[in-house]
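Trainee: Here is my input, please return the structure:
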Amino acid sequence: MANGATGGTLFPVLKNEVRAVRTALWLRPAAFCSAAALAATLLATADVLLPQGSLGWLPEIDVEAVKELLKLLATGMLTVATVTLSVLMLVLSLAAGQVSPRAVPAVMADLVTQNALGTFLATFVFALAALLFIGFDVVSGPGGVALIFLGALLLALNAVRYMVQWTHHVAQILKINRMIDRIHGHGVEVLEAYLESAPGARCEALSVAEKDCTPLRPASAGYIQLIDAERLHHVACEEDLVVRVCVQEGDFVHPHARLMEVHGSRPRDEVLSALRGTAVIGFERNHEGDPRLAFVLLAEIACRALSPGINDPQSARSCVEYLGSLLAVAGSRPPGEYPPARSSDGRVQFVRPDFAAMLERAFRPIMRDGAAMAEVIIEILRVLRDLVANAAPDYLDCLLAEAQRAEEWGETSLQREADKQSLRSMAEDVRSTAAARRG
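Mentor: Numbers count the residues shown, from 1 in each chain. Below you'll find the predicted structure:
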């Protein structure tokens, strides 16, 4: 089991890194640069690799002219790539200040930005590699020189296209509604993936006494980025244990908090290490596997927009509307269709976010900061009314409780009687819609 325990510790970490790397800023530029270096190598040696005379149809191009073009391309693309990185740092700084520091990974994962940066760097790498091949006489014939010239020309045209596209795209990124829409879109993907997940049974069920509990604590402080349910279940079956996970992805843990409770005979240290390794801890929450994070981010953006320094209630309303869209996805499934809180054989028990937890994180911070603004608090009630009309009937009670909370916040904070009347009217609409659903 020692080897298995070691593998169990490393595999979740690797799985989490692979999940994070897919949206890393450096991945596409690195891949583009590798492809450019390979393309330069193949074009430079084409006269040797291809049958003799197969490139005779290409025009003869002066080597010095090609070298001048490559020098110009390398110098220009290095400058453009440097400016692109500088502008990107400015965009990240503005996103952190105007939207949220936790929205920065969404900007870094932007495909247009990654493709543009990759194109500029790849063109530079191609030009530099081609210059080296020509300087070391690797290019063996006029066909290779012509191919390098054509390749450099195509890359230059493509770089100009991306320069224009990315310039327009940067202006779009800086719009707060674009950031809100991006966070919402990613949140829908993560939420739908969460709703479709379900751990399966792999071994016979086992009942153990509650007194046979061994608490398992994390080795470091940080946020849970990944819980490898499959690996966790495998270890529990292999060692004949029942494991109760005390946290979920996105929770903050530290060495004095309980990570898991292990029921059964006293596990060996390597088994405890394998179980501990199924939960990956990092310094920030992971956007890939945390269905609650999009709710937290949109609520945070709304609260920042409502701060006296920004005073942008319309952006807060946009966040409320996008939160309503996320809650509509979550509320379309009754509780019985959510991922189960335990594996079907009972070996592993999980903490799962439900609709009520998502609803709480969505609107309560905005109620606190926006209750004095009629358009914001009434918009929350309007979204709640729509959810009452369309969500699964099991969620009516928590939606009504949230609507009552919003009404109480508004009654306490609003100054004008006309605003209070509008608030009461919308709250009554929520209650009447719920009564109609219940028949």
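Trainee: what about the chain, any weak spots by pLDDT?
Mentor: Segments of the chain classed as low confidence (criterion: pLDDT under 70) are 1-11, 13, 15-23, 49, 52-56, 140, 198-202, 204-211.
Trainee: mind listing the strands in this protein by residue range?
Mentor: Applying DSSP state E to the chain gives strands spanning 213-216, 222-227, 242-245, 252-253, 260-263, 279-282, 348-349.
Trainee: Run me through the strand neighbours of the first one, direction for each.
Mentor: Using DSSP bridges, the strands paired with strand 213-216 in its sheet are strand 260-263 (antiparallel).
Trainee: what does the strand it pairs with contact?
Mentor: Strand 260-263 is contacted from outside by 208-210, 212-216, 241-246, 272, 275-276, 279, using CB atoms under 8 Å, 6 or more residues apart in numbering. Placement of C-beta: from N, CA and C, glycine included.
Trainee: picking up where we left off before, out of the strands of the chain, nearest to residue 409?
Mentor: strand 252-253 (27.1 Å; CB to CB).
Trainee: List the contacts of residue 337.
Mentor: Residue 337 sits in contact with residue 195, where contact means CB under 8 Å, 6+ apart.
Trainee: Among the contacts of strand 260-263, name the buried ones.
Mentor: 214, 216, 241-246, 272, 275-276, 279 (16 or more other CB atoms under 10 Å).
Trainee: Columns distance to residue 166 on top of those residues, output as CSV?
Mentor: Shown next, in CSV, are the buried ones among the contacts of strand 260-263 (distance: CB to CB, whole Å):
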residue, distance to residue 166
214, 54
216, 48
241, 53
242, 53
243, 48
244, 49
245, 43
246, 45
272, 50
275, 46
276, 44
279, 39
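Trainee: what's the longest helix in this protein?
Mentor: helix 63-98 (DSSP state H).
Trainee: can I get the strands of the chain in a markdown table with distance to residue 69?
Mentor: Output for the strands of the chain, formatted as a markdown table (distance: least, CB to CB, whole Å):
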| stretch | distance to residue 69 |
| --- | --- |
| strand 213-216 | 63 |
| strand 222-227 | 47 |
| strand 242-245 | 60 |
| strand 252-253 | 55 |
| strand 260-263 | 62 |
| strand 279-282 | 46 |
| strand 348-349 | 62 |
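Trainee: Among those, which comes closest to residue 80?
Mentor: Comparing the strands of the chain by their distance to residue 80 (CB to CB), the top pick is strand 279-282, with 33.5 Å.
Trainee: Check which helices and strands that closest one sits against.
Mentor: When contacts are defined as 3 or more CB pairs under 8 Å, 6 or more residues apart in numbering; DSSP states H and E, strand 279-282 packs onto helix 2-21, strand 222-227.
Trainee: contacting residues around that strand?
Mentor: With CB under 8 Å, 6+ apart as the criterion, strand 279-282 contacts 12-13, 15-16, 218-228, 245, 247, 253, 259-260.
Trainee: Can you point out the buried residues in it?
Mentor: Buried, per 16+ other CB under 10 Å, within strand 279-282: 279-281.
Trainee: Neighbouring strands - and their directions - for that strand?
Mentor: By DSSP bridges, strand 279-282 pairs with strand 222-227 (antiparallel).
Trainee: in the strand it pairs with, what's buried?
Mentor: So for strand 222-227, counting by 16+ other CB under 10 Å, buried means 223-227.
Trainee: before we move on, what about stretch 84-99?
Mentor: In stretch 84-99, counting by 16+ other CB under 10 Å, buried: 84, 88, 91-92, 95, 98-99.
Trainee: Adding distance to residue 123, write the residues you listed out as JSON lines.
Mentor: Output for the buried residues of stretch 84-99, formatted as JSON lines (distance: CB to CB, whole Å):
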{"residue": "84", "distance to residue 123": "12"}
{"residue": "88", "distance to residue 123": "17"}
{"residue": "91", "distance to residue 123": "22"}
{"residue": "92", "distance to residue 123": "24"}
{"residue": "95", "distance to residue 123": "27"}
{"residue": "98", "distance to residue 123": "32"}
{"residue": "99", "distance to residue 123": "32"}
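Trainee: Looking at those residues, which is nearest residue 162?
Mentor: residue 84 (9.5 Å).
Trainee: That closest one contacts residue 121, correct?
Mentor: No - under the criterion of CB atoms under 8 Å, residue 84 makes no contact with residue 121, lying 9.0 Å away.
Trainee: what residue lies at the spatial centre of the protein?
Mentor: Geometric centre of the chain, nearest residue: residue 287, 3.3 Å, by CA atoms, centre = their mean.
Trainee: how far away is it from residue 212?
Mentor: Distance of residue 287 to residue 212, computed by CB to CB, to the nearest Å: 38 Å.
Trainee: try residue 167
Mentor: Applying CB to CB to residue 167 and residue 212 gives a distance of 64 Å.
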